[in-house]
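Chemist: I would like to see how this sequence folds:
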Amino acid sequence: MTNPPGLMISAPASGTGKTTVMLGLLRALAEDGLTVQPFKSGPDYIDPAFHLAAAGRASFNLDSWAMGKGLLDAVAAQASGADIVVAEGSMGLFDGVAKPGETGHGSSAETALRMGWPVVLVLDVGGQAQSAAATALGFRMYNPDLPFAGVILNRCASPRHERLTRLGMERAGLPVLGVLPRRGDLTLPERHLGLIQAVEHPDLEAAIAGYAAFLREHVDLDAIKGAAASSRLQGPSSAALPPPPAQRIALARDAAFSFTYPHLLEGWRAGGAEILPFSPLADEAPAPDADLVWLPGGYPELHAGTLAAADTFRAGLRRHAATRPVHGECGGYMALGEALIDKDGTRHRMAGLLGLVTSYEKRKFNLGYRRAELLAPLPGYGTGATLRGHEFHYSSILEQPDAPLARVFDAEGIEGPQTGSLRGHVTGTFFHLIAEAGS
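Modeler: Got it, this is the predicted structure:
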């Protein structure tokens, strides 16, 4: 079966309006009756939930640093049955890490080139006119093998500004697919990890509908659809997706714990696992017959008081941990610890299943890919396994008295101090798992 045609929405840098264009385009195409498959290039935890809200179809991450060829193909195969693919890039089009990982450096350009998706470059043309064409032409020529659909000019100040900017693009031979006038209300709320979560947006549906109307008025949708190209891949079955770490998995799901990569959940379901969601913020205990409790990342630091008072959740977690595995990632790891200190310096007790004490008052920026060599088993993976993941948080470790779970290295191979930890049946890491190395 031929894969659907696709496009990569990218930009020279973050902050150009790429996500607004992405969400408006997803919704506008869906309104036109197309089944639209969204993807996110790179390790973003938040954008896929916005994509789902806009397109009505689950979005998946494609990551050339963390994913091997088999997994990339299996994730790309989730587009089966769609009419068109629209992928959103991360950072700038060619931005990645210095040393390659499983299949590349993690750039959006690598994803577009591998999949055969032409790039739509979103340019913020504020403060320039014809000079914007030099930027676009540089991106077009940096890798001549990369398919290029054209540009969308964002934050155009006036008809005269548009005429001059179009003149530059015409001289450079670059198709203009749309021109978006400057509007201050077309922004999504943000916090320290980027966008707020989709579930927290005060009126997400109205916002996305507004983006779609804006795109429909100022972008040539027919030209964009016509520029989409079919993937070079023939997608395999879902067998290459990560297998489930247990049969019945109690998964924390609420505003404090929501950062789970969609391809993991899809792989767990495809492998026959039953996912049993529960809400720590609602003081719900994990299912008593679960084989594994998994606490994803999220924002426990914003809900520390509520979690500290969640006696039913904590008691259920402790009962489970007495005989069966519990694992936490990033925010989930923090919640398994002894205490969490919020930005105001208030200390909140956590589950106490690990000795970890973390502080958001003493902020430390931790960002980047991680390669972990396990010193002890983690649910679904044995001692000695090598995992690839990503870390993004501002918390500092004040105490970590437990045994280390892994040796953890950054993308350049430098070993770091945040090793995760292990106590009894309980494990935790600050990195979010993406895949086992070699998958």
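
Chemist: Who are the packing partners of the helix or strand hosting residue 316?
Modeler: Taking DSSP states H and E as the criterion, residue 316 maps to helix 311-321. With contacts taken as 3 or more Cβ pairs under 8 Å, 6 or more residues apart in numbering; DSSP states H and E, helix 311-321 sits against strand 292-295. (Each C-beta comes from the backbone N, C-alpha and C, glycine too.)

Chemist: what's downstream of the strand it packs on, the next helix or strand?
Modeler: Taking DSSP H and E, what comes next after strand 292-295 is helix 304-308.

Chemist: Tell me which other helices or strands that following helix touches.
Modeler: strand 347-349.

Chemist: Neighbouring strands of the helix or strand that comes right after the strand it packs on in the sheet, and parallel or not?
Modeler: Toward the C-terminus, strand 347-349 is succeeded by strand 357-359 as the next helix or strand (DSSP H and E). Sheet partners assigned to strand 357-359 using DSSP bridges are listed as strand 339-341 (parallel), strand 396-399 (antiparallel).

Chemist: domains of this structure?
Modeler: 5-230, 241-436 (automatic domain parsing).

Chemist: so who does the residue nearest to residue 278 when sequence neighbours are not counted touch?
Modeler: Excluding the flanking residues, the one nearest residue 278 by Cβ to Cβ, 6 or more residues apart in numbering is residue 284, at 4.4 Å. Shown in contact with residue 284 (Cβ atoms under 8 Å, 6 or more residues apart in numbering): 278, 312, 313, 316.

Chemist: do residue 343 as well
Modeler: Residues near residue 343 by Cβ under 8 Å, 6+ apart: 301, 360, 361, 363.

Chemist: Name the residue closest to the centre of this protein, please.
Modeler: residue 44 (2.2 Å; Cα atoms, centre = their mean).

Chemist: Other residues contacting the helix holding residue 316?
Modeler: 250, 278, 280, 283-286, 288, 290, 293, 307, 326, 336, 351-353, 424-426.

Chemist: which of these count as buried?
Modeler: Among the contacts of helix 311-321, those scoring as buried are 250, 278, 280, 283-286, 290, 293, 307, 326, 336, 351, 353, 425-426 (criterion: 16 or more other Cβ atoms under 10 Å).

Chemist: Strands - which of the residues you listed land there?
Modeler: Residues of the buried ones among the contacts of helix 311-321 located in strands (DSSP state E): 250, 278, 293, 326, 426.

Chemist: wait, which of the residues you listed is closest to residue 257?
Modeler: Nearest to residue 257 among these is residue 278, at 9.6 Å by Cβ to Cβ.

Chemist: Look up how far residue 77 lies from that closest one.
Modeler: Applying Cβ to Cβ, to the nearest Å, the value for residue 278 to residue 77 is 30 Å.

Chemist: now residue 62
Modeler: From residue 62 to residue 77 the distance is 11 Å (Cβ to Cβ).

Chemist: Residue 211 now?
Modeler: Taken as Cβ to Cβ, the span from residue 211 to residue 77 is 28 Å.

Chemist: Out of the strands paired with strand 357-359, which one sits most buried?
Modeler: strand 339-341 (a mean of 21; mean count of other Cβ atoms under 10 Å).

Chemist: contacts for it?
Modeler: 300-301, 304, 307, 334, 347-350, 357-362, 398.

Chemist: which one in the residues you listed is the model shakiest on?
Modeler: Within these, pLDDT reaches its minimum at residue 362, with 76.

Chemist: Bridged to the closest residue to that one other than its chain neighbours, which residues?
Modeler: Excluding the flanking residues, the one nearest residue 362 by Cβ to Cβ, 6+ apart is residue 396, at 4.5 Å. Following DSSP bridges, residue 396 is listed with bridge partners residue 359.

Chemist: Same check on residue 348?
Modeler: If you apply DSSP bridges, the partners that residue 348 bridges to are residue 340.

Chemist: So that it lines up with my notes, have the first residue be 431 from now on.
Modeler: With the count now opening at 431, the last piece we talked about shows up as residue 778.

Chemist: List the contacts of it.
Modeler: Taking Cβ under 8 Å, 6+ apart as the test, what residue 778 contacts is 734, 735, 737, 738, 769, 770, 771, 772.

Chemist: For the last one, list the residues it contacts.
Modeler: Going by Cβ under 8 Å, 6+ apart, residue 772 touches 731, 734, 778, 790, 791.
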